[in-house]
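In: I need the structure of the sequence given here:
(chains A and B)
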Amino acid sequence: MTSSLRRIMAVLAIGALATGCASADPGAGDETPAAGFTAQPQDANAKITVWTDSTRLPSVQAFQKADPNVQMDVVTYDGSADGSTYLQTKVQLFDRTGSGWPDVVFASPTDVTWASQPTSPSAQAFAAPVDEGLVPADTLKNFADGSLAPCQFGGHTYCLRNDIAQVVLWYDKTLLDQFGYSVPTTWEEYQALGEKVAREHPGYLVGAIGDTNSHESYFWSAQCPAQQLTDAKTLRSNLQDSHCTKMASLLDDLIKAGSVSKQGFFGQGFAKDYGGKVLMAYGPSWYGQYLFNSAFKTPAGQITAAAPLKWQGESRTYTGNVGGGVWMISSHSKNLKAATALASWLTTSDDNLKGAPTYPAYSPGAKAWLANPANKDYFATDVSGVFQQAADEVWTGWGNTKFSDATAWSSVVLPAVTAGRTLTETLPAWQNEITSEAKSVGYTVTTQ
Amino acid sequence: MTALDTPVVAPARRAAVRRAGKTGISGPLFVSGYVVLLVAFGVLPTLYAVYLAFTNVRGQFTGLNQFLRVFQDFRFWPAFGDILVYLVFWLLLIVVLTVGVAIVLRSRMPAPLSAALRFLYYIPGALAGVASVLVWLFMLDPSVSPANWLLTSLGLDTFAEVLAPGHLSLIFALIAFWTGAGGWIVVMYGALNNIPQEVLEAARMDGAGPWRLALHVQIPMIRKWIVYMVILAFAAGTQLFVEPQLLQTASLGRVSPTWSPNQLAYVYAFQHGDFNGAAAISLVLLVIGLAGAGLLVTRSGLFKVDEQ
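Out: Take a look at the predicted model:
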């Protein structure tokens, strides 16, 4: 009796302790980021530190060569690829120690969601608003439609988009001609072709869903509102929307038939075992060089791209986007002039962009890129028209959120599908994970 | 068996107690270096974590609100569930197998073979933690594994199938056993060496076979070493981090980034920038580790010094 009484008292005491205190919510009282920022005392000769991924390293070195007066310290890191949080981790620590920030960084669009806000009340947002006297408005206007959307928060632009990764329909023209098939233009035709391939040429593939970003190729292109930002703090996630269920059942059908693989194109052993069996791949513009050329080692003159698919009966074609990096300038930089010069040169100069490894987001640069034969030599037909068309068709309903969209897909959906469940059955679990993640980082979530 | 209850090491301990009483400052001097490091890198960070766990980002006192908030996180209970299943596998494996193997090595093996095997068992433990996980990445991927016949015969044809969520606890327990067991086998072997030969002879004269000898003489006499091992294995086990974190990267995200509580604390600190929440999670781990150790120490009389 006394012991249970004591326990009740203890619970009440804990309750009182908990309720009578300040809120533990880290986001409580957050204000929207201030428009301007406090720049450090500037020194035109200060050395700038640049963090880049290894793919973009030659570009940075080329700038150094063209302008040897700028003192640079170049550091290679993972570039925030595949949901890595290295940059975020480091900036959190620099914010606490008050020094160490790099001046210019290559990063993923997801990084801008945290970099545009202070990490704590005493910190200043890492990314400098580039539209605040750093980059002219005329330059910003020339980026492809919507390509700066991931950079924009509260009416300001916090990054320069490096490249876009518009999703297109890649196919092996040699094989397709040999099989006597024509290129599908709608999702319905794609499904019918997938079924036909499974029947007539078992073992050949028209797609794969096992990569960390496969959902961006398929569900983003299908206009599935998996994570739609209705405003900066409200996220809509409705995976029972017909656009999602249609895509899930299309893929389930082809997985069952055998012409869509549950494994990932970039999974261990895939290139070796199935590289030569890929008839089609619905994926980003960089698949040509990085998947078919580098990973599968498909000979030149076989692979090409067709325009994105649309749903039958819908008037407009939309597509997805898989990656595409950004450059951010640190608001803590002591040499904003040099930092801005570098970031602008990397993202907008023809000199750099014509030889860029991936499709430039800056429209004049993209023209220069497409005019460079080296970027198109590998393909069976000219991909310029397809790339340009798809670049303007990226669906804007897929939000650039504070959490990585890859986590829920890779750690919840893919293991379930690997274990034999269908995508259709897994949609509720997927939505549940997205909404839980969204709530944990402070979004208000609706599922209608 | 009453004769066995007198610990064999008691005379040495008594001597130690006596010596400690006599020395002046040389003893404290010797440990002071360690105490400084312990305070700087062990005690102060812990106190800082306590401070963080009870305050918010503005430094205001929050009471238990940080704890209530992390308890409500959708990843909190699954992470502790994962680690619980893992601990069951790992503690069972390490207790049963290291003690079993040590007894076999001590009693049923020619000495040179026993020495060679102890060395072999120890090798994996000498690899750094990360390197040993990399070895397992190869072992578990059917497309490159030397044991792929075993994996495929279990119906696991791809790396993704091997890493099904239900398998992870067992996989981490196997990795931990492979890296940690060798060292403990050597320790248990040393403990068994402490049992006087006369005791074993007497038991054999009374008709005890190898099983009875192991169960009723050897294991009870090294009980304290076993408890010591369980305490350390339990504390290390609840803090599992490197293995799931590496497998998460290597599997291209198929393993949840918040599989273990320590990973969840890491995500809190370095992705959400929420050091207070991370500190709350780490304090929960501290309390669990201390409670586990306290229970085992008091129940087993680990630190009891037998004075006559």
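In: pLDDT averaged over stretch A:95-115 - what is it?
Out: Regarding stretch A:95-115, the rounded mean pLDDT is 92.
In: again, but for stretch A:145-160
Out: 89.
In: give me the distance between the two termini of that stretch.
Out: 13 Å (CA to CA, to the nearest Å).
In: so for that stretch, what gets flagged as buried?
Out: A:146-153, A:156-160 (16 or more other CB atoms under 10 Å in any protein chain shown). Placement of C-beta: from N, CA and C, glycine included.
In: do stretch A:382-392 as well
Out: Neighbour-count burial for stretch A:382-392, counted by 16+ other CB under 10 Å, picks out A:Val383, A:Ser384, A:Val386, A:Phe387, A:Gln388, A:Ala390, A:Ala391.
In: got the contact list for that stretch?
Out: Applying CB atoms under 8 Å, 6 or more residues apart in numbering or on different chains, the contact partners of stretch A:382-392 are A:144-145, A:147, A:164, A:166-168, A:285, A:288, A:304-308, A:319, A:359, A:366, A:370, A:376.
In: now a ChimeraX select for only the buried ones of those residues.
Out: This is how ChimeraX selects the buried members of those, with burial counted by 16+ other CB under 10 Å:
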select /A:144,147,164,166,167,168,285,288,304,305,306,307,308,319,359,366,370,376
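In: looking at the contacts of stretch A:382-392, which are in strands?
Out: Those of the contacts of stretch A:382-392 mapping onto strands are A:Val167, A:Val168, A:Thr304, A:Ala305, A:Ala306, per DSSP state E.
In: got JSON lines for these, with pLDDT and distance to A:Leu423 too?
Out: Shown next, in JSON lines, are the ones in strands among the contacts of stretch A:382-392 (pLDDT from 0 to 100; distance: CB to CB, whole Å):
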{"residue": "A:Val167", "pLDDT": "96", "distance to A:Leu423": "18"}
{"residue": "A:Val168", "pLDDT": "97", "distance to A:Leu423": "22"}
{"residue": "A:Thr304", "pLDDT": "96", "distance to A:Leu423": "28"}
{"residue": "A:Ala305", "pLDDT": "96", "distance to A:Leu423": "25"}
{"residue": "A:Ala306", "pLDDT": "97", "distance to A:Leu423": "24"}
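In: and the furthest pair within the residues you listed?
Out: Across the ones in strands among the contacts of stretch A:382-392, the longest distance by CB to CB is 15.1 Å; it joins A:Val167 and A:Thr304.
In: grab the most central residue of chain B for me.
Out: The centroid of chain B falls nearest to B:Ala233 when counting by CA atoms, centre = their mean (1.5 Å).
In: if I look at B:Val88, how far off is B:Phe234?
Out: Distance of B:Val88 to B:Phe234, computed by CB to CB, to the nearest Å: 11 Å.
In: more neighbours, these two?
Out: Remark: of B:Val88 and B:Phe234, B:Phe234 carries more neighbours, 20 against 13, as counted by other CB atoms under 10 Å in any protein chain shown.
In: residue contacts, that one?
Out: B:Leu87, B:Leu91, B:Gly289, B:Gly292, B:Ala293, B:Leu296.
In: of these, which is the most crowded?
Out: That'd be B:Leu87 among the contacts of B:Phe234, by other CB under 10 Å, with 19 neighbours.
In: is the residue lying closest to it once chain neighbours are set aside in a helix, a strand, or coil?
Out: Of all residues not flanking B:Leu87 in the chain, B:Gly237 sits nearest, at 4.8 Å (CB to CB, 6 or more residues apart in numbering or on different chains). Under DSSP: H, G, I helix; E, B strand; the rest coil, the three-state class of B:Gly237 is helix.
In: rewinding a little: redo the buried residues of stretch A:145-160 as a markdown table? Include secondary structure and distance to chain B.
Out: What follows is these, written out as a markdown table (DSSP: H, G, I helix; E, B strand; the rest coil; distance: CB to the nearest CB, whole Å):
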| residue | secondary structure | distance to chain B |
| --- | --- | --- |
| A:Gly146 | coil | 26 |
| A:Ser147 | coil | 25 |
| A:Leu148 | coil | 24 |
| A:Ala149 | helix | 22 |
| A:Pro150 | helix | 18 |
| A:Cys151 | helix | 20 |
| A:Gln152 | strand | 22 |
| A:Phe153 | strand | 16 |
| A:His156 | strand | 21 |
| A:Thr157 | strand | 23 |
| A:Tyr158 | coil | 17 |
| A:Cys159 | coil | 19 |
| A:Leu160 | strand | 24 |
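In: helices of the stretch 51-200 of chain B, start to end?
Out: With helices called from DSSP state H, counting those that start in this stretch, the stretch 51-200 of chain B shows them at B:65-71, B:76-107, B:111-126, B:129-140, B:148-153, B:159-162, B:168-193, B:197-205.
In: the closest residue to A:Tyr181 other than its chain neighbours and chain B, how far apart?
Out: Closest residue in space to A:Tyr181, ignoring its immediate chain neighbours: A:Leu193 at 6.1 Å, by CB to CB, 6+ apart. Separation of A:Leu193 from chain B (CB to the nearest CB, to the nearest Å): 26 Å.
In: need the contact list for A:Leu193.
Out: Contacts here follow CB under 8 Å, 6+ apart; on that basis A:Leu193 touches A:Tyr181, A:Pro184, A:Val206, A:Met280.
In: in contact with the third one, which residues?
Out: Same thing as A:Val206. Contacts for A:Val206 were tallied using CB under 8 Å, 6+ apart; they are A:Tyr190, A:Leu193, A:Gly194, A:Val197, A:Leu254, A:Ser259, A:Val260, A:Leu279, A:Met280, A:Ala281.
In: related to what we said a few turns ago, following element in sequence after the helix or strand where the residue nearest to the centre of chain B lies, please.
Out: In this assignment (DSSP states H and E), B:Ala233 forms part of helix B:223-238. Sequence-wise, the next helix or strand downstream of helix B:223-238 (DSSP H and E) is helix B:242-250.
In: and the very next helix or strand once past that next one, what does it pack onto?
Out: Using DSSP H and E, the next helix or strand after helix B:242-250 towards the C-terminus is helix B:261-270. Secondary structure elements in contact with helix B:261-270, counted by 3 or more CB pairs under 8 Å, 6 or more residues apart in numbering or on different chains; DSSP states H and E, are helix A:86-97, helix B:76-107, helix B:242-250, helix B:275-300.
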